[in-house]
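> Task: produce atomic coordinates for the following.
(chains A, B, C and D)
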Amino acid sequence: MSVRLLAFAGARDAIGAAELALSLTEPTTARSLLARLCREHPALAPYESSIRLAVNGTYAAWEDPIHDGDEVALIPPVAGG
Amino acid sequence: MSVRLLAFAGARDAIGAAELALSLTEPTTARSLLARLCREHPALAPYESSIRLAVNGTYAAWEDPIHDGDEVALIPPVAGG
Amino acid sequence: MVTLTDEPITIDPLLAHVSRPSAGGVALFVGVVRDQAEGRAVTLLEYEAYRPMALAEMERIVGELRTDDVTLAVAHRIGALRVGDTAVICAASAPHREEAFAACRRLIDEIKARVPIWKREHGPEGAYWVGWRDARCAHEHHS
Amino acid sequence: MVTLTDEPITIDPLLAHVSRPSAGGVALFVGVVRDQAEGRAVTLLEYEAYRPMALAEMERIVGELRTDDVTLAVAHRIGALRVGDTAVICAASAPHREEAFAACRRLIDEIKARVPIWKREHGPEGAYWVGWRDARCAHEHHS
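Numbering: from 1, shown residues only, chains lettered A, B, ... in the order given. Reported below is the predicted structural model:
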């Protein structure tokens, strides 16, 4: 099972990539996916509690499951306007 | 002592004139001038409590004295915007 | 900036007037002639003003609401306006949106309460001055 | 009407979109790049968006706030903006000004809270993502 990960703004800088292909080998929720990314990318970890996840263009609840083929985005604090 | 009286909108219709020259023979306040106009123009009387007076382009307090040469305006409820 | 005119009014000159490098937000209000008023159809509104006092009162309101941070502008049109025509535009700029919204709201509220402008509504049932019928024998007393 | 563009944005298309014969008031908000932020000088703001989601989220917000009486429009610009450039315009029309102001205020508040747009501030002290520094080790917990 694989998902496409997008990272924006400060989250992109912390991960060092705007886009990653991730393989998931076990059932994963939005929360566990963010936790995994913070383990793999220590520069992201200090921001864990400030980042929201969007799945396929909609904010996800933390317990939402991630499915094969989903587009998952790391949404740091927004600053439009 | 004389003043120039201006009347607008419904007050002008009630008085039948947009402008009058008034002679004042005794000390007059904004309140007494309006009272006199309501006596002289019965069509204006039902509106007495809704009309404000302006003297020389500024809303007057009811006890303000009227002076020779003043421009006094009858201001019915305003409806701009 | 305060304008009272028989000509159509537009937003751009007001927006330009209130723009400041330190102002991050501009709130605007555009008052437009509606096709109805309290259930009655409206075809035309005739606006008239006590012109010198209307200008002076608008200047006084702007002077009262202006601060070091808040800049305001207002334009009011008079004459014969049809449905969809713009009667009034208010603009307020401020560093942040809260103050801009608050100042713009105050500006239009004060203008509607104080500026000597009247409108005669024309519809299928005839023409009359807005607010005049309700003013007859009002139960307020002078104080 | 929801617009996300790299080009300059202007009020007129939004005003035209929200105009209705029954709408007597239009409230607008124009968000402009300021010359400072929290005391720091600003020379340039680089806006970026997660474009498809930003558009979808703006549509969702407009859908939530729209009623039979209230019509809304929003345009957001992204890319490199200088001091004085317009970043966002919100418009809301309603029969009366109270609802128009309330809807416009809600619209810009929700946009700032929810739409995935970010800005990198450039000034004498370098460049950084607005809000990112403050997000480090924030004490909120996921729920």
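> Next one, pLDDT for residue 45 please.
Since you didn't name a chain, this refers to chain A. On pLDDT, residue A:45 comes in at 97.
> um, chain C though
pLDDT at residue C:45 comes out at 95.
> Who does the most centrally placed residue in chain A form a beta bridge with?
By C-alpha atoms, centre = their mean, chain A has its centre lying nearest to residue A:74, at 4.0 Å. Applying DSSP bridges to residue A:74 gives these bridge partners: residue A:7, residue A:53.
> Contacts only, for it.
A:5-8, A:11-12, A:15, A:34, A:37, A:44, A:51, A:53 (C-beta atoms under 8 Å, 6 or more residues apart in numbering or on different chains). (C-beta placed from N, C-alpha, C; glycine too.)
> The spatially closest residue to residue A:19 that is not a sequence neighbour - how many residues pack around it?
Among residues not flanking residue A:19 along the chain, residue A:6 sits closest, at 5.6 Å (C-beta to C-beta, 6 or more residues apart in numbering or on different chains). Neighbour count of residue A:6, defined by other C-beta atoms under 10 Å in any protein chain shown: 19.
> For residue 9, give me its contacts.
With no chain named, the answer covers chain A. Applying C-beta under 8 Å, 6+ apart, the residues contacting residue A:9 are A:76, D:48, D:118, D:120, D:129, D:132.
> hmm, I had chain C in mind actually
C:3, C:75-77, C:86, C:88-89.
> go with 6 Å
C:75, C:77, C:86, C:89 (C-beta atoms under 6 Å, 6 or more residues apart in numbering or on different chains).
> Any chance of these in CSV with pLDDT, distance to residue C:42 and secondary structure as columns?
What follows is these, written out as CSV (pLDDT from 0 to 100; distance: C-beta to C-beta, whole Å; DSSP: H, G, I helix; E, B strand; the rest coil):
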residue, pLDDT, distance to residue C:42, secondary structure
C:75, 98, 22, strand
C:77, 98, 16, strand
C:86, 98, 15, strand
C:89, 98, 20, strand
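> List only buried entries from those residues.
C:75, C:77, C:86, C:89 (16 or more other C-beta atoms under 10 Å in any protein chain shown).
> As TSV, those with distance to residue D:26 would be great.
Output for those, formatted as TSV (distance: C-beta to C-beta, whole Å):
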residue	distance to residue D:26
C:75	14
C:77	15
C:86	9
C:89	10
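> and which of these is nearest to chain A?
Taking C-beta to the nearest C-beta as the measure, residue C:89 is the one of the buried ones among the contacts of residue C:9 closest to chain A, at 22.4 Å.
> State the distance from the residue nearest to the closest one when sequence neighbours are not counted to residue B:33.
Excluding its sequence neighbours, the residue lying closest to residue C:89 (C-beta to C-beta, 6+ apart) is residue C:75, at 4.9 Å. As for residue C:75, its distance to residue B:33 is 33 Å (criterion: C-beta to C-beta, to the nearest Å).
> longest helix in the chain, by residue count?
No chain specified, so I'll use chain A. Scanning chain A for the longest helix, with DSSP state H as the assignment, gives helix A:30-40.
> let's do chain C instead
helix C:97-114.
> I'd like the mean pLDDT over it, please.
Average pLDDT, helix C:97-114: 98.
> Direction included, what does whichever helix or strand comes after it pair up with?
Downstream of helix C:97-114, the first helix or strand assigned by DSSP states H and E is strand C:117-123. Note on strand C:117-123: by DSSP bridges, its sheet partners are strand C:44-49 (antiparallel), strand C:126-129 (antiparallel).
> hey, which of those is tucked in deepest?
Of all these, strand C:44-49 has the most neighbours on average by mean count of other C-beta atoms under 10 Å in any protein chain shown, namely a mean of 20.
> Now do it: everything it contacts.
For strand C:44-49, contacts defined as C-beta under 6 Å, 6+ apart pick out C:33, C:78, C:80-82, C:117-122.
> Would you mind writing the CA trace of it as CSV?
Once non-C-alpha atoms are left out, strand C:44-49 reads as follows in CSV (Å, rounded to 0.1, in the frame of the first residue of the first chain):
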residue,chain,number,x,y,z
LEU,C,44,-36.7,54.7,-8.1
LEU,C,45,-35.3,56.5,-5.1
GLU,C,46,-34.8,60.3,-5.2
TYR,C,47,-32.1,61.4,-2.8
GLU,C,48,-31.9,65.0,-1.7
ALA,C,49,-29.5,66.6,0.8
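> Verify the stated contact: the residue nearest to residue A:19 with residue A:73.
Yes. Because the distance of 4.3 Å satisfies C-beta atoms under 6 Å, residue A:6 is recorded as touching residue A:73.
> and for the two, which residues touch both?
Common neighbours of residue A:6 and residue A:73 (C-beta under 6 Å, 6+ apart) do not exist.
> Appreciated, that's everything.
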